[in-house]
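Student: No sequence on hand, only this structure:
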Ligand code: KIV
Ligand code: ZN
């Protein structure tokens, strides 16, 4: 049975050596370009450092020509990350590739990733070019990129809806031009495992120089088949899977990294010829970091990283698990770094215990950050009897959200009720340490707080979305608030987060965080204009 899952070459010989399957993470590019998932430079950098810890072979850090912010993020990631290759996406033209290279050139292992669409639909309606022209552009772009960078990946966008003979020709041409990886994307999430396996087999069998490059796959999830399609492609000979943390990405997202990796690892009986470099114990942390940065959580029943992924509710299941975990558990929560729900700390816990727990949760903090975390922990432990791992994660992530703080929150007080006019008084300090207090009425205490913050900063804002989640169980749980708002009719939304055992304070923190992020973005833009001498 297991034999039929293993890759066989064109002479129907089974590969007896183990195959390294590269994990190419595109959370910071395909993932980040989806609405609601945008990250600033600091956030991308934090995510990149975690992805390196996770052990991804390649991380795509962005699309450098698309915006100055993306250029800067790719450049910073390239200069910081040492163990994973860092890729930047470029359309198949000289300008994109030059800018891409400029952002990537200081990486230890830079990769230029260039692409052009090869399906008739895209060539005719979007590019308005003939197949011959597209083939020529693909060849020229790869050659141009190879003059700058040794590691070049080419993607045939919308490969799955391309004519298969033409696709094979494109693959052969770009390999001859110097591409070391050729990616076969299912851009619109249209294929199914049996078909995709056949397409990849055809490429493996028909393209004469296919052994000179790595065949990669990049599956979108429009039909919910991205992970299954990626695995079918591996069976047919693909040796790179492109995926994202939590499966984020355009429309219905990309193949989810954690699902692909755990499917291969859990079914070692079927995939014993496959080697992956990912440290699965970092999966849960990486997923949490992403949700904390973007403010978008995963559904509770999400495979591998959802809140219920390892929860056994039914009596029969609980009974089975108590007798022997393998009755209903195909992998252990520990194998993906899922934290135990154990009670960890309380108000009598000391600095040493806190530092140890923080380290166990995978955070590395500087001395002054530890001090700050300790003070926050003490404040929290005073309000909350039991401090859980999730509380600590939230506390640390909230404290070190990164980015410049134009205003910091001092005190918040409010009064409201079913027969009172909701009123809030807020005190903020600006960067020069000047403290300003103001008050406002509103539709409720949260609205009143937001209005008081706007009055102090003299910035008009429009709240677009507001979400609140309890971090743990219990009436004394912290509330984690995520807001999205537009300031000064700037034309884009900014996300902010805050947490506290008091939900109004958490809301004020979140709104102020969004405002600080807006001001930071505005500041960066102003600096860029000044640089150009405008
Ligand atoms: O989905 C897609 O085709 C892409 C390519 C740019 C690789 O994201
Ligand atoms: Zn994509």
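Tutor: Sure thing, it's come through. Computed from a predicted structure; not experimentally measured. Ligands and ions are numbered 1, 2, ... in the order given.
Student: Surely residue 481 touches residue 507?
Tutor: Yes. Checked against C-beta atoms under 8 Å, the pair residue 481 and residue 507 is within contact range at 4.9 Å. Bear in mind the C-beta positions are built from the backbone N, C-alpha and C, glycine included.
Student: overlap in contacts of the two?
Tutor: Contact criterion C-beta atoms under 8 Å, 6 or more residues apart in numbering; residues shared by residue 481 and residue 507: 466, 468, 498.
Student: By neighbours, which of those residues wins?
Tutor: Using other C-beta atoms under 10 Å as the neighbour test, the shared contacts of residue 481 and residue 507 are led by residue 498, with 25 neighbours.
Student: what about the closest residue to residue 355 other than its chain neighbours, distance to residue 379?
Tutor: Using C-beta to C-beta, 6 or more residues apart in numbering and skipping residues adjacent in sequence, the residue nearest residue 355 is residue 370, 6.0 Å away. Separation of residue 370 from residue 379 (C-beta to C-beta, to the nearest Å) stands at 15 Å.
Student: do the same with residue 40
Tutor: Counting by C-beta to C-beta, the gap from residue 40 to residue 379 is 27 Å.
Student: more crowded one of the two?
Tutor: residue 40 (20 against 14).
Student: so how far is ligand 1 from that one?
Tutor: Remark: distance between residue 40 and ligand 1 (C-beta to the nearest ligand atom, to the nearest Å) = 22 Å.
Student: Also residue 104?
Tutor: From residue 104 across to ligand 1, the span is 16 Å (C-beta to the nearest ligand atom).
Student: what is the nearest residue to that residue once chain neighbours are set aside paired to in the beta sheet?
Tutor: Counting by C-beta to C-beta, 6+ apart, residue 104 lies nearest to residue 110, which is 4.0 Å off, once chain neighbours are set aside. Counting by DSSP bridges, residue 110 forms beta bridges with residue 86.
Student: what about residue 110, how many neighbours?
Tutor: For residue 110, the count of nearby residues is 22 (other C-beta under 10 Å).
Student: these two touch, right, it and residue 85?
Tutor: Yes. Residue 110 is in contact with residue 85 according to C-beta under 8 Å; the separation is 7.2 Å.
Student: Between those two, which contacts overlap?
Tutor: Common contact partners of residue 110 and residue 85 (C-beta under 8 Å, 6+ apart): residue 151.
Student: Assign the residue of the chain most remote from its centre to helix, strand or coil.
Tutor: In terms of distance from the mean C-alpha position of the chain, residue 419 ranks first, at 45.1 Å (C-alpha atoms, centre = their mean). Secondary structure state of residue 419, per DSSP: H, G, I helix; E, B strand; the rest coil, is coil.
Student: again with residue 390
Tutor: Look at residue 390: counting by three-state DSSP, its state is helix.
Student: Check residue 184 too.
Tutor: Reducing the assignment at residue 184 to three states with three-state DSSP gives strand.
Student: Begin at 676, not 1, for the rest of this chat.
Tutor: All set: I'll call the first residue 676, so the last point we hit is now residue 859.
Student: count of neighbours near it?
Tutor: For residue 859, the count of nearby residues is 26 (other C-beta under 10 Å).
Student: Could you measure from it over to ligand 1?
Tutor: To ligand 1, residue 859 is 9 Å away according to C-beta to the nearest ligand atom.
Student: just checking, that residue touches residue 894?
Tutor: No. Using C-beta under 8 Å, residue 859 is not in contact with residue 894; the gap is 9.3 Å.
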